[in-house]
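Asks: just need the structure, nothing else, for what follows:
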Amino acid sequence: MVLRFRRLGRAESSLLVESADLATRLSNRPHGLSIDPDVYEPGDPLAFAYWPRARTNNFQALLYNQGWRHRVAAFPVARFEDMAELPWAGPMACHFHWLASIEDDETIRRFKAVLERLKDQKRSIIWTIHNVLPHDQTDIAAAVHVRRMIVEAADLIHIMNERTRELVEPHFSLDGKRVFYSPHPSYLGDHPRTVTRDEARFELGLRPETTAFLSFGAIQAYKGPEELIAAAQYLAENRPDFDWTLIIAGIAKNEELVNRIRRVEALERRLIFHPHKVPIEDVQYFFHAADFAVCAYRSSLNSGAAMLALTFGVPLVAPDTSAFSELLARGTGIGYAPEDPNGLATALAAAAECDRATLKARALEVAEERTPQKASDVFFEGVMEGLRSGRRSA
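Replies: The predicted model follows:
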């Protein structure tokens, strides 16, 4: 139970064992166990299967952490086909997250068949829209087809950006669908915060007075690391009086990109490059050492990296786009126009000279508003109300 709740365990036992375990845990809840998927009343326990399981961050653990308080038992499945194979007779919701792996004709065919089976089994289908389309996917037509497919099948759609409806409109429409909003949770309480700024800077080899810009997270082209390096080179050439360092850290998702970054020489000692997975206990060293977190994304709908930065009270440098405009409007960082070729370099220079105390306070304020407990409560309130509304409509 504890391992499953902390997401350290996973569904590697058989589906029968998973279902039996789930039934046992739900039947022990004070309200008892419903066995009719057509009968769902407020307070009934709900099985909540989700796919795919995130392996590079704790987003799902944070999103689901108040599940039991809402009488929901959340558990991962290894394959999307498992959603329709669980031998479970009671009420169940099937929550889908990222769909980038569903791209070839055969996988799309199997996914469509699973959605149809779930509808026949009267299981509720929920989809969280993390991105408009998968990052760097070449087959746009297939990606759009998959998203239209799940929108049509979904009983409920979860968004974390209030502009999602208009932003997805060029590719698929949410008109007529039941949609609810709950924000991306912050990571307060999830990451250790025991080291001091001085200790963190010592570990990274930074002087106390140096302005440190941090780009943290999986190293991928859509996050704009090359644009960030170009802006840093521009800053080095045009403002040699500034004392600053650029840190790029995160798991290497694109080896060609990593190799190109390794060959950068113009920044000399101003670049700290760590293309490796950072253990959760070491994340604090990077953020406690940083003055600003740079999110130079080419495109994005939501950003877990931005919320992680705010969790540590680190202000943002980010494009004034849909993914960051709300956070920037709250005074959590410095924005720039993405179409301006020198916009990012100008923002870095402005950051190096600004008063950071207010930005830091605003960052922590937003993180506190979106603690995992608060964000999870809002999420499950939206889920339960949405499912009840769907039952009433039916």
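Asks: what number of residues are in the vicinity of P338?
Replies: Neighbours of P338 under the rule other Cβ atoms under 10 Å: 19. Where you see a C-beta, it was placed from the backbone N, CA and C, and this is true even at glycine.
Asks: same check, this time on V258
Replies: V258, neighbours per other Cβ under 10 Å, totals 16.
Asks: which SS state does it fall under?
Replies: Counting by DSSP: H, G, I helix; E, B strand; the rest coil, the backbone at V258 sits in helix.
Asks: and A232, that one's in a helix?
Replies: Yes: counting by three-state DSSP, A232 falls inside a helix.
Asks: any idea how far K177 is from F111?
Replies: The gap separating K177 from F111 is 18 Å, by Cβ to Cβ, to the nearest Å.
Asks: what residues of the helix or strand where F380 lies count as buried?
Replies: Secondary structure from DSSP states H and E places F380 in helix 372-393. Across helix 372-393, burial judged by 16 or more other Cβ atoms under 10 Å covers 372, 374-380, 382-384, 386-387.
Asks: which residues sit against it?
Replies: 40, 42, 46, 62-67, 69-70, 72, 93, 124, 126, 155-156, 158, 178, 180-190 (Cβ atoms under 8 Å, 6 or more residues apart in numbering).
Asks: give me the subset of these that lies in strands.
Replies: Counting by DSSP state E, the part of these found in strands is 46, 72, 93, 124, 126, 156, 158, 180-181.
Asks: buried only: go through these for me.
Replies: For these, a neighbour count by 16+ other Cβ under 10 Å gives the buried set as 46, 72, 93, 124, 126, 156, 158, 180.
Asks: ok, so of these, who is nearest F324?
Replies: F324 has its nearest neighbour among these in H158, at 20.0 Å by Cβ to Cβ.
Asks: what bridges to that closest one?
Replies: Beta-bridge partners recorded for H158 (DSSP bridges): T128, F180.
Asks: mind starting the numbering at 38 from now?
Replies: Yep, numbering from 38; the last one is H195 now.
Asks: ok so, going back, redo the ones in strands among the contacts of helix 409-430 as a markdown table? Include pLDDT and distance to L204.
Replies: Supplementary listing: those in a markdown table, determined by pLDDT from 0 to 100; distance: Cβ to Cβ, whole Å:
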| residue | pLDDT | distance to L204 |
| --- | --- | --- |
| L83 | 89 | 30 |
| V109 | 93 | 29 |
| A130 | 96 | 25 |
| S161 | 95 | 25 |
| I163 | 98 | 20 |
| L193 | 97 | 19 |
| H195 | 98 | 15 |
| F217 | 97 | 17 |
| Y218 | 97 | 13 |
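Asks: can you give me the end-to-end span of stretch 365-381?
Replies: One end of stretch 365-381 sits 14 Å from the other (Cα to Cα, to the nearest Å).
Asks: what mean pLDDT does that stretch get?
Replies: Here stretch 365-381 scores 95 as its mean pLDDT.
Asks: again with stretch 230-248
Replies: 96.
Asks: mind listing what's buried along that stretch?
Replies: Residues 232, 237-238, 241, 243, 247-248 are the ones in stretch 230-248 that count as buried (16+ other Cβ under 10 Å).
Asks: got it, and stretch 349-365?
Replies: Across stretch 349-365, burial judged by 16+ other Cβ under 10 Å covers 349-361, 364-365.
Asks: select from those every entry located in strands.
Replies: 353-356.
Asks: what about K214 and F148, which has more around it?
Replies: F148 (20 against 14).
Asks: wait, the more buried one sits on A190?
Replies: No: if you go by Cβ atoms under 8 Å, F148 and A190 don't touch, sitting 9.8 Å apart.
Asks: what's the neighbour count on the closest residue to P171 other than its chain neighbours?
Replies: Spatial nearest neighbour of P171, chain neighbours left out: A137 (3.7 Å); criterion: Cβ to Cβ, 6 or more residues apart in numbering. Look at A137: counted by other Cβ under 10 Å, it has 15 neighbours.
Asks: which secondary structure state does A137 sit in?
Replies: Under three-state DSSP, A137 comes out as coil.
Asks: point out where this structure drops to low pLDDT.
Replies: The model of the chain has pLDDT under 70 over residues 38-81, 173-174, 427-431.
Asks: the strands in it, which residues?
Replies: Under DSSP E, the chain gives strands at 83-88, 109-113, 129-133, 161-166, 193-196, 216-218, 248-253, 281-286, 308-311, 329-331, 353-356, 370-373.
Asks: one step back: now, which of the ones in strands among the buried residues of stretch 349-365 sits nearest E302?
Replies: V354 (23.7 Å).
Asks: now for R367, how many residues are close by?
Replies: Neighbours of R367 using other Cβ under 10 Å come to 14.
Asks: in this structure A190 contacts I162, no?
Replies: Yes: contact criterion Cβ under 8 Å: A190 and I162 qualify, at 5.3 Å.
Asks: can you list residues touching both of those two?
Replies: Joint contacts of A190 and I162 (Cβ under 8 Å, 6+ apart) are 152, 155-156.
Asks: let's see which of those residues end up in helices.
Replies: Among those, the members found in helices (DSSP state H) are 152, 155-156.
Asks: buried subset of these, written for ChimeraX?
Replies: Selection of buried members from those for ChimeraX, criterion 16+ other Cβ under 10 Å:
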select :152,155
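Asks: many thanks, I have nothing further to ask.
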